[in-house]
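# structural data only, the sequence is not supplied:
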Ligand SMILES: [Zn+2]
(Lines give C-alpha, C1' and ligand atoms only; values in the text may rest on other atoms or scores of the structure.)
Protein backbone atom coordinates (compact mmCIF):
# COMPACT_ATOMS: atom_id res chain seq x y z
CA UNK A 1 0.00 0.00 0.00
CA UNK A 2 1.14 3.49 -0.84
CA UNK A 3 0.12 6.68 0.93
CA UNK A 4 -1.38 9.40 -1.23
CA UNK A 5 -2.61 12.81 -0.11
CA UNK A 6 -5.51 14.59 -1.73
CA UNK A 7 -6.63 18.17 -1.16
CA UNK A 8 -10.30 19.16 -1.09
CA UNK A 9 -11.79 22.62 -0.94
CA UNK A 10 -15.15 22.97 0.79
CA UNK A 11 -17.28 26.01 1.54
CA UNK A 12 -17.76 26.96 5.19
CA UNK A 13 -20.89 28.62 6.51
CA UNK A 14 -19.90 30.18 9.84
CA UNK A 15 -22.45 31.92 12.06
CA UNK A 16 -21.97 35.64 12.78
CA UNK A 17 -20.27 34.87 16.11
CA UNK A 18 -18.04 32.24 14.52
CA UNK A 19 -17.05 34.66 11.82
CA UNK A 20 -15.91 37.14 14.46
CA UNK A 21 -13.75 34.39 15.94
CA UNK A 22 -12.40 33.40 12.54
CA UNK A 23 -11.41 36.98 11.75
CA UNK A 24 -9.84 37.37 15.16
CA UNK A 25 -7.84 34.17 14.69
CA UNK A 26 -6.63 35.39 11.30
CA UNK A 27 -5.41 38.61 12.81
CA UNK A 28 -3.77 37.03 15.83
CA UNK A 29 -1.96 34.65 13.50
CA UNK A 30 -0.83 37.63 11.46
CA UNK A 31 0.50 39.38 14.55
CA UNK A 32 2.31 36.24 15.65
CA UNK A 33 3.84 35.84 12.22
CA UNK A 34 5.08 39.44 12.34
CA UNK A 35 6.62 39.01 15.79
CA UNK A 36 8.40 35.85 14.67
CA UNK A 37 9.61 37.61 11.55
CA UNK A 38 10.91 40.49 13.68
CA UNK A 39 12.91 38.03 15.75
CA UNK A 40 14.20 36.30 12.63
CA UNK A 41 15.42 39.61 11.23
CA UNK A 42 17.25 40.37 14.48
CA UNK A 43 19.16 37.10 14.49
CA UNK A 44 22.61 36.94 12.97
CA UNK A 45 22.66 33.17 12.91
CA UNK A 46 19.20 31.78 12.42
CA UNK A 47 18.05 29.59 15.28
CA UNK A 48 14.75 28.02 14.39
CA UNK A 49 14.01 26.47 17.76
CA UNK A 50 14.59 29.78 19.51
CA UNK A 51 12.18 31.52 17.17
CA UNK A 52 9.57 28.86 17.76
CA UNK A 53 10.17 29.17 21.49
CA UNK A 54 9.11 32.81 21.47
CA UNK A 55 5.50 31.78 20.95
CA UNK A 56 5.30 30.62 24.56
CA UNK A 57 6.69 33.96 25.76
CA UNK A 58 4.39 36.14 23.71
CA UNK A 59 1.40 34.15 24.91
CA UNK A 60 2.30 35.20 28.45
CA UNK A 61 2.60 38.85 27.43
CA UNK A 62 -0.51 38.87 25.29
CA UNK A 63 -3.26 36.66 26.74
CA UNK A 64 -5.44 37.24 23.66
CA UNK A 65 -3.27 34.68 21.90
CA UNK A 66 -4.75 32.01 24.14
CA UNK A 67 -7.89 32.32 22.05
CA UNK A 68 -6.04 30.60 19.21
CA UNK A 69 -5.41 26.85 19.17
CA UNK A 70 -1.78 26.44 20.19
CA UNK A 71 -0.67 24.41 17.19
CA UNK A 72 -2.27 26.91 14.86
CA UNK A 73 0.01 29.58 16.31
CA UNK A 74 2.99 27.27 16.05
CA UNK A 75 2.14 26.73 12.42
CA UNK A 76 3.03 30.39 11.81
CA UNK A 77 6.63 29.54 12.59
CA UNK A 78 6.47 26.78 10.00
CA UNK A 79 4.94 29.24 7.54
CA UNK A 80 7.69 31.75 8.18
CA UNK A 81 10.41 29.21 7.50
CA UNK A 82 8.77 27.88 4.38
CA UNK A 83 8.47 31.45 3.09
CA UNK A 84 12.14 31.91 3.85
CA UNK A 85 12.99 28.73 1.97
CA UNK A 86 10.92 29.74 -1.05
CA UNK A 87 12.67 33.09 -1.08
CA UNK A 88 16.14 31.59 -1.04
CA UNK A 89 15.17 29.24 -3.85
CA UNK A 90 14.10 32.20 -5.95
CA UNK A 91 17.43 33.85 -5.17
CA UNK A 92 19.27 30.74 -6.27
CA UNK A 93 17.44 30.90 -9.58
CA UNK A 94 18.83 34.38 -10.03
CA UNK A 95 15.55 36.22 -9.35
CA UNK A 96 15.81 39.61 -7.72
CA UNK A 97 14.00 39.37 -4.41
CA UNK A 98 13.84 41.46 -1.28
CA UNK A 99 13.52 40.17 2.26
CA UNK A 100 10.34 38.98 3.96
CA UNK A 101 8.10 41.81 5.11
CA UNK A 102 5.65 42.06 7.95
CA UNK A 103 2.04 41.57 6.88
CA UNK A 104 -0.37 44.46 7.27
CA UNK A 105 -3.93 44.23 8.58
CA UNK A 106 -6.11 42.26 6.21
CA UNK A 107 -3.20 40.66 4.40
CA UNK A 108 -3.57 37.33 6.13
CA UNK A 109 -6.04 35.07 4.37
CA UNK A 110 -5.42 31.67 5.92
CA UNK A 111 -4.67 29.85 9.13
CA UNK A 112 -3.97 26.18 9.59
CA UNK A 113 -4.73 23.27 11.89
CA UNK A 114 -2.05 20.68 11.34
CA UNK A 115 -2.55 17.12 12.59
CA UNK A 116 -4.93 18.03 15.42
CA UNK A 117 -7.52 20.46 16.74
CA UNK A 118 -10.20 19.61 14.20
CA UNK A 119 -12.89 17.03 13.57
CA UNK A 120 -15.18 16.46 10.63
CA UNK A 121 -18.57 15.28 11.86
CA UNK A 122 -21.07 13.53 9.61
CA UNK A 123 -24.59 14.86 10.15
CA UNK A 124 -26.48 13.05 7.43
CA UNK A 125 -27.76 16.42 6.25
CA UNK A 126 -26.76 18.66 3.37
CA UNK A 127 -24.05 20.27 5.48
CA UNK A 128 -21.58 18.50 7.70
CA UNK A 129 -19.94 19.96 10.76
CA UNK A 130 -16.33 20.95 11.01
CA UNK A 131 -15.23 21.25 14.60
CA UNK A 132 -12.32 23.61 15.06
CA UNK A 133 -10.76 23.84 18.48
CA UNK A 134 -11.26 27.29 20.11
CA UNK A 135 -13.68 28.31 17.37
CA UNK A 136 -16.53 25.84 17.46
CA UNK A 137 -18.70 23.72 15.18
CA UNK A 138 -18.93 25.33 11.76
CA UNK A 139 -21.27 24.19 9.02
CA UNK A 140 -19.35 22.83 6.05
CA UNK A 141 -20.61 21.70 2.66
CA UNK A 142 -18.63 18.62 1.63
CA UNK A 143 -19.41 17.64 -1.93
CA UNK A 144 -17.18 14.62 -1.61
CA UNK A 145 -16.89 11.94 1.06
CA UNK A 146 -13.78 11.95 3.14
CA UNK A 147 -12.89 8.38 3.96
CA UNK A 148 -9.20 8.69 4.68
CA UNK A 149 -7.36 10.29 7.53
CA UNK A 150 -7.44 14.08 7.63
CA UNK A 151 -3.93 15.47 8.01
CA UNK A 152 -4.53 19.18 7.88
CA UNK A 153 -7.26 21.80 7.68
CA UNK A 154 -6.59 25.28 6.36
CA UNK A 155 -9.25 27.94 6.77
CA UNK A 156 -9.31 30.57 4.08
CA UNK A 157 -11.17 33.82 3.67
CA UNK A 158 -11.61 34.89 0.08
CA UNK A 159 -11.80 38.47 -1.06
CA UNK A 160 -15.58 38.28 -1.43
CA UNK A 161 -15.89 37.41 2.25
CA UNK A 162 -16.68 33.72 1.66
CA UNK A 163 -14.95 31.18 3.88
CA UNK A 164 -13.47 27.89 2.74
CA UNK A 165 -11.70 24.95 4.31
CA UNK A 166 -8.98 23.20 2.44
CA UNK A 167 -8.77 19.67 3.77
CA UNK A 168 -5.81 17.44 3.18
CA UNK A 169 -6.78 13.79 3.24
CA UNK A 170 -4.42 10.85 3.30
CA UNK A 171 -5.55 7.67 1.63
CA UNK A 172 -3.94 4.33 1.10
CA UNK A 173 -3.59 3.31 -2.47
CA UNK A 174 -2.92 -0.27 -3.46
CA UNK A 175 0.43 -0.98 -5.04
CA UNK A 176 -0.69 -1.87 -8.46
CA UNK A 177 0.05 -4.12 -11.38
CA UNK A 178 0.91 -2.59 -14.70
CA UNK A 179 -0.82 -2.28 -18.01
CA UNK A 180 0.57 -1.01 -21.29
CA UNK A 181 0.29 2.54 -22.55
CA UNK A 182 -1.96 2.45 -25.54
CA UNK A 183 -3.47 5.84 -26.12
CA UNK A 184 -1.27 8.92 -26.19
CA UNK A 185 -2.39 12.47 -26.83
CA UNK A 186 -0.50 15.73 -27.27
CA UNK A 187 -2.07 19.01 -26.22
CA UNK A 188 -1.15 22.41 -27.54
CA UNK A 189 -2.32 25.47 -25.66
CA UNK A 190 -3.51 28.31 -27.78
CA UNK A 191 -3.70 31.90 -26.74
CA UNK A 192 -6.56 32.98 -24.53
CA UNK A 193 -8.98 30.11 -24.20
CA UNK A 194 -8.37 27.44 -26.78
CA UNK A 195 -6.85 23.99 -26.57
CA UNK A 196 -5.80 21.94 -29.58
CA UNK A 197 -4.95 18.27 -29.43
CA UNK A 198 -3.21 15.75 -31.65
CA UNK A 199 -6.53 14.07 -32.49
CA UNK A 200 -7.54 17.18 -34.37
CA UNK A 201 -9.84 18.52 -31.67
CA UNK A 202 -10.19 22.15 -30.84
CA UNK A 203 -11.77 22.91 -27.50
CA UNK A 204 -12.66 26.37 -26.41
CA UNK A 205 -14.11 27.80 -23.27
CA UNK A 206 -17.88 27.59 -22.90
CA UNK A 207 -19.85 30.61 -23.93
CA UNK A 208 -20.90 31.63 -20.41
CA UNK A 209 -17.24 32.14 -19.61
CA UNK A 210 -17.00 34.69 -22.36
CA UNK A 211 -20.13 36.35 -21.05
CA UNK A 212 -18.67 36.52 -17.54
CA UNK A 213 -15.41 37.99 -18.76
CA UNK A 214 -17.16 40.62 -20.84
CA UNK A 215 -19.17 41.62 -17.83
CA UNK A 216 -15.99 41.80 -15.81
CA UNK A 217 -14.39 44.14 -18.33
CA UNK A 218 -17.51 46.30 -18.27
CA UNK A 219 -17.48 46.55 -14.48
CA UNK A 220 -13.81 47.43 -14.58
CA UNK A 221 -14.43 50.28 -16.96
CA UNK A 222 -17.34 51.49 -14.85
CA UNK A 223 -15.26 51.39 -11.70
CA UNK A 224 -12.40 53.32 -13.22
CA UNK A 225 -14.80 56.20 -13.87
CA UNK A 226 -15.88 56.44 -10.23
CA UNK A 227 -14.05 58.77 -7.89
CA UNK A 228 -11.34 57.15 -5.80
CA UNK A 229 -12.43 56.44 -2.24
CA UNK A 230 -16.07 57.17 -3.01
CA UNK A 231 -18.98 55.07 -1.80
CA UNK A 232 -19.92 54.17 -5.37
CA UNK A 233 -16.45 53.08 -6.23
CA UNK A 234 -16.33 50.83 -3.22
CA UNK A 235 -19.69 49.33 -4.13
CA UNK A 236 -18.41 48.71 -7.64
CA UNK A 237 -15.29 47.08 -6.26
CA UNK A 238 -17.39 44.56 -4.35
CA UNK A 239 -19.41 43.81 -7.48
CA UNK A 240 -16.20 43.39 -9.42
CA UNK A 241 -14.79 40.97 -6.86
CA UNK A 242 -17.93 38.86 -7.00
CA UNK A 243 -17.88 38.82 -10.78
CA UNK A 244 -14.22 37.85 -10.73
CA UNK A 245 -14.97 34.90 -8.48
CA UNK A 246 -17.84 33.83 -10.70
CA UNK A 247 -15.53 33.86 -13.69
CA UNK A 248 -12.82 31.93 -11.90
CA UNK A 249 -15.32 29.31 -10.74
CA UNK A 250 -16.79 28.85 -14.21
CA UNK A 251 -13.33 28.58 -15.65
CA UNK A 252 -12.21 26.03 -13.07
CA UNK A 253 -15.31 23.99 -13.74
CA UNK A 254 -14.47 23.94 -17.44
CA UNK A 255 -10.84 23.03 -16.77
CA UNK A 256 -11.96 20.19 -14.50
CA UNK A 257 -14.17 18.78 -17.25
CA UNK A 258 -11.44 19.17 -19.82
CA UNK A 259 -8.78 17.52 -17.69
CA UNK A 260 -11.13 14.68 -16.76
CA UNK A 261 -11.86 14.12 -20.42
CA UNK A 262 -8.19 13.70 -21.29
CA UNK A 263 -7.36 11.60 -18.27
CA UNK A 264 -10.34 9.29 -18.83
CA UNK A 265 -9.64 8.79 -22.50
CA UNK A 266 -5.87 8.57 -22.71
CA UNK A 267 -3.10 6.66 -20.99
CA UNK A 268 -0.46 9.33 -21.47
CA UNK A 269 -1.02 13.04 -21.91
CA UNK A 270 1.73 15.32 -23.18
CA UNK A 271 1.63 19.07 -22.74
CA UNK A 272 4.03 21.80 -23.55
CA UNK A 273 5.95 22.86 -20.51
CA UNK A 274 6.03 26.59 -20.75
CA UNK A 275 4.37 29.54 -19.16
CA UNK A 276 2.34 31.80 -21.33
CA UNK A 277 2.15 34.54 -18.73
CA UNK A 278 4.57 36.76 -20.52
CA UNK A 279 2.80 36.46 -23.86
CA UNK A 280 -0.51 38.06 -23.07
CA UNK A 281 -0.55 41.03 -20.81
CA UNK A 282 -3.38 43.35 -20.12
CA UNK A 283 -6.63 43.41 -18.30
CA UNK A 284 -7.89 41.12 -15.62
CA UNK A 285 -9.78 38.70 -17.84
CA UNK A 286 -6.67 38.02 -19.87
CA UNK A 287 -4.77 37.48 -16.69
CA UNK A 288 -7.24 34.76 -15.72
CA UNK A 289 -6.89 32.99 -19.04
CA UNK A 290 -3.16 33.14 -18.58
CA UNK A 291 -3.51 31.39 -15.29
CA UNK A 292 -5.78 28.81 -16.93
CA UNK A 293 -2.96 26.91 -18.54
CA UNK A 294 -1.10 26.49 -15.30
CA UNK A 295 -4.32 25.25 -13.74
CA UNK A 296 -5.05 22.85 -16.59
CA UNK A 297 -1.58 21.39 -16.27
CA UNK A 298 -2.05 21.03 -12.54
CA UNK A 299 -5.48 19.36 -12.88
CA UNK A 300 -4.29 16.97 -15.57
CA UNK A 301 -1.20 16.02 -13.64
CA UNK A 302 -2.99 15.23 -10.39
CA UNK A 303 -5.95 13.52 -12.03
CA UNK A 304 -3.52 11.44 -14.09
CA UNK A 305 -1.61 10.54 -10.95
CA UNK A 306 -4.78 9.43 -9.19
CA UNK A 307 -5.94 7.44 -12.19
CA UNK A 308 -2.59 5.75 -12.60
CA UNK A 309 -1.91 7.46 -15.92
CA UNK A 310 0.97 9.56 -17.16
CA UNK A 311 1.25 13.30 -17.49
CA UNK A 312 4.29 14.26 -19.51
CA UNK A 313 5.52 17.83 -19.78
CA UNK A 314 7.49 18.27 -22.96
CA UNK A 315 9.99 20.86 -23.98
CA UNK A 316 7.95 23.19 -26.13
CA UNK A 317 10.62 25.17 -27.92
CA UNK A 318 9.99 25.23 -31.61
CA UNK A 319 6.78 23.24 -31.87
CA UNK A 320 5.08 26.08 -33.69
CA UNK A 321 7.75 26.05 -36.36
CA UNK A 322 8.70 22.42 -36.47
CA UNK A 323 7.03 20.06 -38.88
CA UNK A 324 5.47 17.27 -36.86
CA UNK A 325 6.03 14.76 -39.65
CA UNK A 326 9.63 15.28 -40.72
CA UNK A 327 10.96 17.33 -37.78
CA UNK A 328 12.33 20.14 -39.92
CA UNK A 329 11.91 23.81 -39.19
CA UNK A 330 9.34 25.62 -41.26
CA UNK A 331 9.50 29.35 -40.65
CA UNK A 332 6.16 31.11 -40.36
CA UNK A 333 4.87 34.28 -38.81
CA UNK A 334 2.04 34.53 -36.30
CA UNK A 335 -0.63 35.36 -38.84
CA UNK A 336 -0.04 32.22 -40.91
CA UNK A 337 -2.62 29.75 -39.68
CA UNK A 338 -1.69 26.85 -41.98
CA UNK A 339 1.46 24.80 -41.70
CA UNK A 340 2.78 23.80 -45.12
CA UNK A 341 5.98 21.79 -45.14
CA UNK A 342 8.13 22.33 -48.23
CA UNK A 343 10.29 19.32 -47.29
CA UNK A 344 7.76 16.53 -46.85
CA UNK A 345 4.59 18.14 -48.14
CA UNK A 346 2.62 17.85 -44.87
CA UNK A 347 -0.19 20.37 -44.65
CA UNK A 348 -2.34 21.03 -41.57
CA UNK A 349 -3.77 23.85 -39.47
CA UNK A 350 -0.89 25.40 -37.59
CA UNK A 351 -2.08 24.51 -34.08
CA UNK A 352 -2.91 20.96 -35.08
CA UNK A 353 0.65 20.56 -36.36
CA UNK A 354 1.91 21.86 -32.99
CA UNK A 355 -0.27 19.40 -31.09
CA UNK A 356 1.03 16.57 -33.27
CA UNK A 357 4.56 17.71 -32.49
CA UNK A 358 3.78 17.72 -28.76
CA UNK A 359 2.53 14.15 -29.19
CA UNK A 360 5.71 13.15 -31.02
CA UNK A 361 7.80 14.61 -28.18
CA UNK A 362 5.57 12.83 -25.66
CA UNK A 363 6.16 9.51 -27.38
CA UNK A 364 9.88 10.18 -27.27
CA UNK A 365 9.63 10.72 -23.52
CA UNK A 366 7.81 7.46 -23.00
CA UNK A 367 10.21 4.64 -23.42
CA UNK A 368 8.77 2.10 -25.78
CA UNK A 369 7.13 -0.68 -23.83
CA UNK A 370 6.99 1.26 -20.57
CA UNK A 371 4.07 0.16 -18.48
CA UNK A 372 1.54 2.21 -16.59
CA UNK A 373 0.73 1.51 -12.98
CA UNK A 374 -2.70 -0.10 -12.86
CA UNK A 375 -5.33 2.35 -11.84
CA UNK A 376 -7.13 1.75 -8.60
CA UNK A 377 -8.68 5.12 -8.01
CA UNK A 378 -10.00 6.09 -11.37
CA UNK A 379 -13.56 7.30 -11.31
CA UNK A 380 -14.70 6.88 -14.86
CA UNK A 381 -17.25 9.41 -15.91
CA UNK A 382 -18.87 9.94 -19.24
CA UNK A 383 -17.67 12.96 -21.13
CA UNK A 384 -20.06 15.79 -20.31
CA UNK A 385 -22.44 16.09 -23.24
CA UNK A 386 -21.71 19.76 -23.70
CA UNK A 387 -18.04 19.03 -24.09
CA UNK A 388 -18.70 16.01 -26.30
CA UNK A 389 -20.57 18.07 -28.84
CA UNK A 390 -17.84 20.66 -28.84
CA UNK A 391 -15.34 17.93 -29.58
CA UNK A 392 -17.21 16.50 -32.52
CA UNK A 393 -18.30 19.77 -34.03
CA UNK A 394 -14.90 21.36 -33.89
CA UNK A 395 -13.22 18.19 -34.96
CA UNK A 396 -15.04 18.04 -38.25
CA UNK A 397 -14.56 21.77 -38.58
CA UNK A 398 -10.84 21.67 -38.12
CA UNK A 399 -10.21 18.67 -40.33
CA UNK A 400 -12.24 19.82 -43.30
ZN1 LIG B 1 7.72 18.14 -43.02
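That came in fine, so what should we check first? Keep in mind that this is a model prediction, so the values were computed, not measured.
# could I get the buried residue list for stretch 338-353?
339, 341, 346, 348, 349, 350, 351, 352, 353 (16 or more other CB atoms under 10 Å). Bear in mind the C-beta positions are built from the backbone N, C-alpha and C, glycine included.
# is any part of it close to the ion?
Yes - using CB under 5 Å from the ion, stretch 338-353 comes into contact with the ion via 341, 343, 344, 346.
# and the contacts of that stretch?
188, 190, 194, 196, 198, 200, 202, 320, 323-326, 328, 330, 332, 336-337, 356, 398 (CB atoms under 8 Å, 6 or more residues apart in numbering).
# thinking again about what came up before, list just the nearest of the buried residues of stretch 338-353 to residue 10.
Using CB to CB, residue 351 is the member of the buried residues of stretch 338-353 that sits closest to residue 10, with 37.4 Å.
# confirm the closest one sits in a strand?
No - secondary structure assignment (DSSP: H, G, I helix; E, B strand; the rest coil) places residue 351 in helix, not in a strand.
# quick one, grab the pLDDT at it.
If you check residue 351, the pLDDT there is 83.
# kindly report the same for residue 355.
At residue 355, the predicted lDDT confidence score is 89.
# so the nearest residue to residue 48 once chain neighbours are set aside is in which element?
Of all residues not flanking residue 48 in the chain, residue 81 sits nearest, at 6.4 Å (CB to CB, 6 or more residues apart in numbering). According to DSSP states H and E, residue 81 maps onto helix 70-92.
# where along the stretch 151-300 of the chain do the strands fall?
Assigned by DSSP state E, counting those that start in this stretch, the stretch 151-300 of the chain shows strands spanning 163-173, 178-180, 184-189, 194-197, 202-204, 268-272.
# buried residues in the helix or strand hosting residue 139?
In this structure, residue 139 is located in strand 136-141 according to DSSP H and E. Neighbour-count burial for strand 136-141, counted by 16+ other CB under 10 Å, picks out 138, 139, 140.
# which one of those residues sits closest to the ion?
For the buried residues of strand 136-141, the minimum distance to the ion (CB to the ion) is 55.9 Å, reached by residue 140.
# residue 335: how many residues sit nearby?
Using other CB atoms under 10 Å, residue 335 has 5 other residues around it.
# picking that back up, tell me, how many residues neighbour the residue nearest to residue 48?
16.
# could I get the pLDDT score of the residue in the stretch 51-200 of the chain positioned nearest to the ion?
Residue of the stretch 51-200 of the chain nearest the ion, by CB to the ion: residue 198 (15.7 Å). The score at residue 198 is 90. That number is its pLDDT.
# check contacts around it.
Taking CB under 8 Å, 6+ apart, we find residue 198 in contact with 185, 186, 187, 352, 355, 356, 358, 359.
# for these, work out which two are farthest apart.
With CB to CB as the measure, no two of the contacts of residue 198 lie farther apart than 185 and 352, at 12.6 Å.
# report the rounded mean pLDDT for the longest helix along the chain.
Scanning the chain for the helix with the most residues, using DSSP state H, yields helix 231-265. Across helix 231-265, the average pLDDT comes to 88.
# who are the packing partners of it?
Helices and strands touching helix 231-265, by 3 or more CB pairs under 8 Å, 6 or more residues apart in numbering; DSSP states H and E, are strand 184-189, helix 207-225, helix 284-307, helix 385-399.
# 10 Å instead?
Contacts defined by 3 or more CB pairs under 10 Å, 6 or more residues apart in numbering; DSSP states H and E place helix 231-265 against strand 184-189, strand 194-197, strand 202-204, helix 207-225, strand 268-272, helix 284-307, strand 310-314, helix 385-399.
# can you point out the buried residues in it?
Using 16+ other CB under 10 Å as the test for burial, helix 231-265 gives 236, 240, 243-244, 246-248, 250-251, 254-255, 257-264.
# cool, stretch 93-108 as well?
By neighbour count with 16+ other CB under 10 Å, stretch 93-108 contains the buried residues residue 108.
# for stretch 138-158, same thing?
If you call a residue buried by 16+ other CB under 10 Å, then stretch 138-158 has these buried ones: 138-140, 142, 146, 148, 150, 152-157.
# okay, how far is it across that stretch, tip to tip?
Terminal residues of stretch 138-158 are spaced 17 Å apart (CA to CA, to the nearest Å).
# quick check: residues of the protein near the ion?
Within the chain, the positions near the ion by CB under 5 Å from the ion are 323, 325, 326, 341, 343, 344, 346.
# let's see it at 8 Å
Within the chain, the residues that sit near the ion (CB under 8 Å from the ion) are 323-328, 330, 341-346.
# how many residues are close by residue 305?
Burial of residue 305 is recorded as 17 neighbouring residues (other CB under 10 Å).
# from residue 258, how far off is the residue lying closest to it once chain neighbours are set aside?
Using CB to CB, 6+ apart and skipping the chain neighbours, the partner closest in space to residue 305 is residue 311 (7.2 Å). Residue 311 is 14 Å from residue 258, where distance means CB to CB, to the nearest Å.
# residue 339 now?
Counting by CB to CB, the gap from residue 339 to residue 258 is 24 Å.
# where in the stretch 201-350 of the chain is pLDDT low?
Applying pLDDT under 70 to the stretch 201-350 of the chain flags residues 205-206, 273-291, 316-320, 334.
# recalculate using a threshold of 50.
Residue ranges of the stretch 201-350 of the chain with pLDDT under 50: 275-282.
# quick revisit: wait, what's in contact with the residue nearest to residue 48?
By CB atoms under 10 Å, 6 or more residues apart in numbering, residue 81 lies in contact with 36, 40, 46, 48, 51, 52.
# just give the nearest non-adjacent residue to the residue most central in space within the chain, would you?
Centroid-nearest residue in the chain: residue 295, 4.8 Å away (criterion: CA atoms, centre = their mean). Leaving aside its sequence neighbours, residue 295 sits nearest to residue 255 (CB to CB, 6+ apart; 5.3 Å).
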